[in-house]
Structure formats: structure tokens, C-alpha cells
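> give me coordinates for this.
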Amino acid sequence: MAATVRRQRPRRLACWALMTVLLADLLALSDTLAVMSVDLGSESMKVAIVKPGVPMEIVLNKESRRKTPVTVTLKENERFFGDSAASMAIKNPKATLRYFQHLLGKQENNPHVALYKARFPEHELGFDPQRQTVYFQISPQLQFSPEEVLSMLLNYSRSLAEDFAEQPIKDAVITVPAFFNQAERRAVLQAARMAGLKVLQLINDNTATALSYGVFRRKDINSTAQNIMFYDMGSGSTVCTIVTYQTVKTKDAGMQPQLQIRGVGFDRTLGGLEMELRLREHLAGLFNEQRKGQRAKDVRENPRAMAKLLREANRLKTVLSANADHVAQIEGLMDDVDFKAKVTRAEFEELCADLFERVPGPVQQALQSAEMKLDEIEQVILVGGATRVPKVQEVLLKAVGKEELGKNINADEAAAMGAVYQAAALSKAFKVKPFVVRDAVIYPILVEFTREVEEETGVRSLKHNKRVLFSRMGPYPQRKVITFNRYSHDFNFHINYGDLGFLGPEDLRIFGSQNLTTVKLKGVGESFKKYPDYESKGIKAHFNLDESGVLSLDRVESVFETLVEDSPEEESTLTKLGNTISSLFGGGSTPDTKENGTDTVQEEEEGPVEGSKDEPGEQAELKEEAEAPAEDTSSPPPPEAKGAAAPEGEKATEKDGGDKPEAQKPSEKGEAGSEGAPPAPEEEKKQKPARKQRMVEEIGVELVILDLPDLPEDQLARSAQKLQDLTLRDLQKQEREKAANSLEAFIFETQDKLYQPEYQEVSTEEQREDISGKLSATSTWLEDEGFGATTAMLKEKLAELRKLCHGLFFRVEERKKWPERLSALDNLLNHSSMFLKGARLIPEMDQIFTEVEMTTLEKIINETWAWKNATVAEQAKLSATEKPVLLSKDIEAKMAALDREVQYLLNKAKFAKPRPRPRDKNGTRAEAPLNASASDQSEKVIPPPGEARGLVQASLGPEAADSEPLELGGPAAGEGGCGGLCWGAVPALSWACSLRLTSLHPLLSSPNSSQNPNRRNTRNSRQDRREL
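Reported below is the predicted structural model:
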């Protein structure tokens, strides 16, 4: 038995240790439950969070605004973000960076880079020869890439979210424009990585808006498809999206609403910024005309003046959206010359006439990509700040042919709310109602490769092939597999964009490189040498287009297959049992399993999927012998029979993103065939049919990025460290400013207090002069040397001043507390004395308190009275400038001790049971004693509860009368709160038992005063006295 106990003890310890670890993990998880979303616009950003108890809330910034300007000011020793940076744009326009997202993923020769230089000539852009990109040259020692600037802004948005959520946040969903290509999306992911954010998804801003619209209208979505068009014109670009809403049947949750992106059209440069730039140019021309003939410089050559004009143009555009005309005015625009000019809406519309002509363009693109007509669109909804311009609405309404445009969505916050809903859905900490989102591929992606073909006997030539990997407007996320069957040695293939004919010439130039990656495979020949007796099933390349729309090559495998026969020998009983158990849990394996494992994926062969819209979950295999795609430069040879010993052609297999697992090592794959099947009967074991065994060998992959090289790991680490150092420097600066402000505030407040009567009363002239001299000296030091003082020096100065003024402040505070504390003590003493008097009047046969308890209470009351009178008298002899002997903390301690004793007796009376009265021979209760006085008899009258409570309140005075009614709980509370004893048998104690003394004054309202740990000690000592 002892041995059994010893064996069980380690198991219990292990269980307790495991539970402790799980609990610690649970507590750690509860501290980081919040998730956030960042709607990253060109001009401003919105941040939203979800945390327990706060569903989908927009974060307020430090200025209590719901949106924050996407502006960063970078100086040698400090940084500014948001509104602070926007205000610095006029003082230091060169160091203030705006609209830098337009440079993400762009090389130096991109037209967007030249456009940025033309719009903001005050910024100096350097050239990075390694990546062929640009960076901001703030000073000779200060330079930052667009990714680093974006990382700073993302880190700032996280700080806002953490301050709002009051907990750390790492998980985020970030919105990006739908027209972002692979290079631009990777740039955003790298910026988030520098900031230390875990990106759950890069969601297209049009998809986030559509999700927000659908989430708040779930009840309106049914099995009938509803086509909604969202027209989003922001500051930098315009995107038109056609979305179909309907309910679909899902595997896990049944019928659920779904949104599907059907068509997308966009204009990269059409937005509110271009309108503001037109207005700025117009205002600059007006200002130059006003100063014509004065030999003044052109205002366009002054960066500060142009920054002022751009801010005024932004305000003017907003005002003209609601008014026919407005006066633009800037004080001290340049050379202390004021500017004032009247601008009408007609002039503004004339300036932007060519922009308004481009408004219908995205609508037509969206309809063409969706293969729909305007009649099929039920509603057109406006999104984005620039759609508030009346002319934009007028042109758009005419283009779509609707009666009115929908404005039933928050144009500024819809994308942020949709993104944070998606963040909660992707986070494991929250469970939200399912809403199926099917986003669409904007730019098709294909695989290109070249191989030798034999056209005639002895004549070989090279053939260039293209296979569409992800077609235009096909859904994502999803995984695909390309199978190369005609290669037995190392080879290369290319991943490029597909047909981009829907883009105009200028858009193609802005788009950048159409070549994505060159994939170099190594180890193909070695894999064939390793399995010479196996039949090759081709080289399979596994591609993944994830939730963020970023393409990746998971792995490349060389697959072989052969026929094997099981041994006819009968298996042992243990082997049978093991196989049976393994089959129940799906983990069975056969003895033929080799070290590198086998591939269990069964592929189906169907017709070509090229050019069709891929649906998640379907599987298709395209052989080269099938119908050639439009991109093929030559027709493929005729198809061969399925299952040939050496099948030819390249196959493309499409798989659902959720069904295909992540990349696995070859040793982690199981066998195909009859693995996991239960043991066969005896007669079938001797002759088992041959089954296929598939072997998988990993192939080495070397990727050559062609569109825009990613930051190397070492450079990425250096950038992240640089940003961390800047953040630490900002925190140290904030701490120093806080210490300096605290010191300065203390000096001003104390100097003002020295002249107040209550402070002059408790201090001498010499003491005040001493304090005033020290304050003046510290103030002078702060003005002269404070700029170079460290945080520690500032805190030390503040500590010295507080120590010097401690006595003065202490005397003033004590005198403020005396009246309230003494009044509360007097009330408590008076009521305690009444309670004791009533307790002593209880007849002996009904007495529930012992003599020791009443004597102890009486002793405490007398000692408290004596201490109070003596201390007050001693304090009266002292001068007001001396240290007081009557302290508020001593008064509170005396009150707590007295209250503890009274509470004990009240609790005892509350739960006491009445003693049975003796009965006479006739069965009636004994009468009252004959010698009882009239006053005693009158005390036997039981007053109604209401009247009794009124008498109590009247006896307590106005302070108690104003307080809330005092009631005692516990058994028989309806009979008086003391088990029927107080109102019936003990009338002398009736009013006292209904009194909760701790509620007479807030000082006695400490929680669980009757359950104070000292209460137990007092009760134990009282029990000792009873025993004596």
C-alpha cells in the first residue's frame, strides 16, 4: 500500500504542475486578448480595437479625435506624429513626411516617384542602389526608407490602441488599397515586422468596407443575391467595387451570409489630394498677381508658404462642398504679407474639370471585370471623404443611372470597423458570428517555363509554355500545385503576372515590373537516382496565395510511385491490436513506410482550368496534352492514356486554402493505399492485392526576386533596432518633460499657497521666507540650466522641495481634517454610550451580553473620551506653527477600535435566539414582575418598525437622517433583525440593534470592518475573559 502511495505521489505532482502551467498560460493570454485594426489611408488613418467588454470601438487619439493624420515629423532629437506633426508641416516642411505610402514598393524610375517629387519638391529623395528604391534624406546623418517611416506610424497607432485598451496589443489587421501588387503588399508586411506587429491579414480596404456593411445588415441578407456597388474616392486614389451578398451553406456553421468581390475598378491618382493641389496652384497664382510689380519672389519657391497654401486649399475644398463661394485668407503668407482671395465653387469645378471626367472610369472597369450590367446593380454606396464634393456625386449619379446614391454608411470609419471585425474573427481569443469573405485576385499570376521538344526525327527545339496559376477575379486565399512531368534534371521556371491588358499604358508604367520570381530547383537529378526502380509522378511545386494576397512557394517535391505487396505472413496479436487502435485515430502506418514517408494526396484529372474562375475546395488537374491556353506559343502534342509508365505534360492542381495543410517534412507524411484500414479477415490476409506506394523527396529551391528585392535580414534587423532606439529616446524625452513639468508646477503652486491665509496661519514669516527663497532659486536654475538637466536631476530637485514643504503642508491638511474627524468621533461615542446603556437595561433572563463584554465596551468608551479630551486640550496649548499632537490618523484608529467592539455586540444580538420563558400551571407565560416601575412597563411597548426607525434617526441628528435607511440582515430580519429579540423581548435595545454604526460617517465605511483580522483576536481575548 505504501509503495502504491509513493507511485501516485509523483503523478499528482505532475498533474498539479501541468494545471499550474495551463493556468499561467491562461492568465498570460487574458492580458493580451485585444486585437486592433489600422485603416491606413493616404491622408488619415483610423484605429479600432476589440477587447473583452469593448466590441468594435474606434480609438481616440491624444487630441480625442477619431482619425489621425498620416504625418510624421523627423528631426535630429525628436519625432512627432499625427496632429502634432501636421502642425509642424508649416514650420519644418522638409522634415514633415506625408503621402509616403505612394512610394512603397516603387523603384526609382517609377512615374509615381517622379510625381511625388513634383508634388512635394521640399523633400530630398535619395537613391538606394541595392534595391533600386528611394529614401528620405532628412539630413546628412538622418535618412529613412518609406518602409521605416510606415513602421514608425504603425508603432504609433499601436501605442494609441494600447493606451485606449489599457493592455498590450500585438495582433493587427491592416487595410491596403485593392490595387496594391505583390511588391507593395510585401513592403507593408516588412514595415509591420519592423514595428513588432503580428499581421493577421492585409485586407483590401474595399473588402473591409463591404464586410462592415454586411455585418451590420446580416438580417437583410438571404439566399437571393444582392449586388451592391461601393464607390470609394479617398485622398489619394479611387476604387469602385461590386460585391454580391447572399447566404451560403457552410460545412461547420450551416447557412451563413457571404460577400463575394465580383468586380474592381480603380484610378491610382484620382482623389481629394489632386483637387487640393489644383486649388493650391490657383491660390499661389492669385498671390503672385497681387504682388506683381513689387519684384517679389515666386511663392512657389518658398516651401513654408506652399505648406500654408496646401492647408488652406484643404479647408477651402471642404467649405466649397457646402457653400457656393468662400474667402481664402492666410495671415503672413510670405514676407509678412497677408493673403486674401475669394474662390467660388464654379472656379473650383473648372480647375478640376478633367478630374471629374475620370470619375466614371472605375465604374466601367468594375462592370467589365464582373461581367455585369448597371441594371444588375441594386444600390451604389459612397465611401471616402472626396465623395462629399457635390460635382463628384453629380457626375457619378449620371454615370450609374440611379435615382440616388446611397449614403447609409460611415464613409470614414467603415473600413476600420470591417477590418477589426475580421481581426476578431481571425483571433483565437474571440468568437464572432461567421461571415464568409471571398476576395478576388486583381492581377492574374502565371508560371512560365521552357523545355526541349522533338518536332521531327532527330530535330529538337525549345518550347515556351505558360500556365495560369491564379486567374483574374478568382477567389483567394487558396493553394495550387503545378506538376512538371518532363524533367529529370535541375531546371528553372518563372512566376510572372498574367495578362494586364485591362490596365492603361500609364498604369502599366506605375505598376512596375511584371516579372515576380525566378525559381531555381536543385536536387531533381539526385532524387531520380535515389529511386531508380520507382515511377516518377513529376515535380510538384506547391503555391500559396494567403489571406493577405501575398504569393509564396511553400515547397517543391519530387514524387515517385510503385506497386508493393504486403507480406503474407500472419501478424502477431499485438500488431493487430496496434493497427486497430491506430486506425481508430487515423494514425496507422504500414511496415513498408520508409524514412521519407509517402504522399497521401490523391489527385483527380479533369479538363483544363485555365481561364476559369477558380472555386475554393475544387480540385482539378491540367495535363499539357489537353487544350492549350491562349498564352501558349505552340500547340502541345496529343494526349496519352492515363496511368502511362512515363506520363508527359505539366499539371496544375488547385486546392482549397483551408483543406491543404502547411508544408510538411517528408518524414511526416503517411502512406497511401490501405494504411489505417482495420485488419482483414484470415482468408484475405494470405493474398492481398498490390497497392501503390508514393515516395516524396524534397527539392532544393533558390528564389530570385525580380519585381522588388525584399530587405535582407540583417538590414531588416538594423532597421528594427534603429526604430526601437528612436522609440526609447522618445519615451525618455517624455519622462524628462513630465519631470520638468511637475517641478515647474510644484514651484508655481507652492509660491501661490504661501500667500493664502490658511498657510500663513500655520507658518512663521521666517519659514515662509525660507521656502520662498528655495523656490525662487530652483525656478532660476530651471530657467538657466534646466534645458540641460537630466531626468534624475529634475526629480531630485522636486524631492528636495517636497521635503522642505512637508511640515507646512502637513499642518494645513491636519487642520482641514480635524472638524470632520472630531465630529464623527463624538457621534460614535454618544451612540456607543446609548447602546451600552440600553444593553444594561435588558432583564437578566433576556440578557444576551456577558458582563465582561459590557465592561470591555465601557472601558473603551471611557478611554476614548479621556484620550480625546486630553489630546484636544494639549493641542489647544500648542501654537499653530508647531507640529500638532492631535492627528487625524490617531482619531481614525480610535474610531476603528470602538466600532469593532460595538459591531461585535451587534452581530451577536443579530443572530441570538430568544430564551424560552417559564410557563405557569395554566400554560400561560409568566407576567412581568410586580415591582416593575411604570417606566419599565412603558418600555415594553413595541413601536412599529417605521416609527422606531424614525425615532432612531431623530436621535442621531440631521447627519444620520440624511443618510440612507439603516437595516440589519440575517435571520428573522423582518422581526427586527435580531431573531425577534430586539423588538419583542428587549425593547430597550430595539433602536440600537437597528443601528449600523459604521454607516454614520464615511470614515467608518471600510469594507468588512466586522471581519477585520483584528476582530478575531479581539473575539478570542473576549472568549478568554468569559471563561475566566
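
> low-scoring stretches of the stretch 251-400 of the chain, by residue?
Scanning the stretch 251-400 of the chain for pLDDT under 70 picks out the ranges 293-294.

> now do the strands in it.
Under the criterion DSSP state E, counting those that start in this stretch, the stretch 251-400 of the chain carries strands at the ranges 254-267, 325-334, 337-344, 379-383.

> with the stretch 651-800 of the chain instead?
With DSSP E, counting those that start in this stretch as the definition, the stretch 651-800 of the chain shows strands at residue ranges 691-698, 700-705.

> of these, give the one that comes closest to residue 176.
Comparison of the strands of the stretch 651-800 of the chain against residue 176 by Cβ to Cβ identifies strand 700-705 as nearest, at 19.3 Å. C-beta coordinates here come from the backbone N, C-alpha and C atoms, glycine included.

> outside of that closest one itself, list whatever touches it.
516-523, 553, 555-556 (Cβ atoms under 8 Å, 6 or more residues apart in numbering).

> give me the buried entries from these.
The neighbour-count test (16 or more other Cβ atoms under 10 Å) applied to the contacts of strand 700-705 identifies 516-519, 521, 523, 553, 555-556 as buried.

> could I get these as JSON lines with distance to residue 854 and secondary structure?
Shown next, in JSON lines, are the buried ones among the contacts of strand 700-705 (distance: Cβ to Cβ, whole Å; DSSP: H, G, I helix; E, B strand; the rest coil):
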{"residue": "516", "distance to residue 854": "93", "secondary structure": "strand"}
{"residue": "517", "distance to residue 854": "93", "secondary structure": "strand"}
{"residue": "518", "distance to residue 854": "98", "secondary structure": "strand"}
{"residue": "519", "distance to residue 854": "96", "secondary structure": "strand"}
{"residue": "521", "distance to residue 854": "98", "secondary structure": "strand"}
{"residue": "523", "distance to residue 854": "97", "secondary structure": "coil"}
{"residue": "553", "distance to residue 854": "90", "secondary structure": "strand"}
{"residue": "555", "distance to residue 854": "88", "secondary structure": "strand"}
{"residue": "556", "distance to residue 854": "93", "secondary structure": "strand"}
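
> most packed of the strands of the stretch 651-800 of the chain?
Looking across the strands of the stretch 651-800 of the chain with neighbours counted as mean count of other Cβ atoms under 10 Å, the highest average goes to strand 691-698: a mean of 20.

> parallel or antiparallel, which strands does it pair with?
strand 551-564 (antiparallel) (DSSP bridges).

> ok, back up a step: for the strands of the stretch 651-800 of the chain, which has the smallest mean pLDDT value?
Comparing mean pLDDT over those, the weakest stretch is strand 691-698, at a mean of 84.

> residue 264 bridge partners, please.
Under the criterion DSSP bridges, residue 264 forms beta bridges with residue 241.

> that one reaches residue 178, doesn't it?
Yes: with the criterion set as Cβ atoms under 8 Å, residue 264 and residue 178 qualify as a contacting pair; they are 5.4 Å apart.

> what is in contact with the two at once?
By Cβ under 8 Å, 6+ apart, residue 264 and residue 178 have these common neighbours: 206, 239, 241, 442.

> the second one should be in a strand, yeah?
By that I understand residue 239. Yes: counting by DSSP: H, G, I helix; E, B strand; the rest coil, residue 239 is found in a strand.

> would CSV of the strands of the stretch 251-400 of the chain with mean neighbour count and distance to residue 861 be doable?
Written out in CSV, the entries for the strands of the stretch 251-400 of the chain read as follows (neighbours: other Cβ atoms under 10 Å; distance: least, Cβ to Cβ, whole Å):
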stretch, mean neighbour count, distance to residue 861
strand 254-267, 21, 72
strand 325-334, 16, 75
strand 337-344, 16, 81
strand 379-383, 21, 75
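
> quick one, which of those strands is nearest to residue 532?
Closest among the strands of the stretch 251-400 of the chain, once you apply Cβ to Cβ, is strand 254-267, at 49.1 Å.
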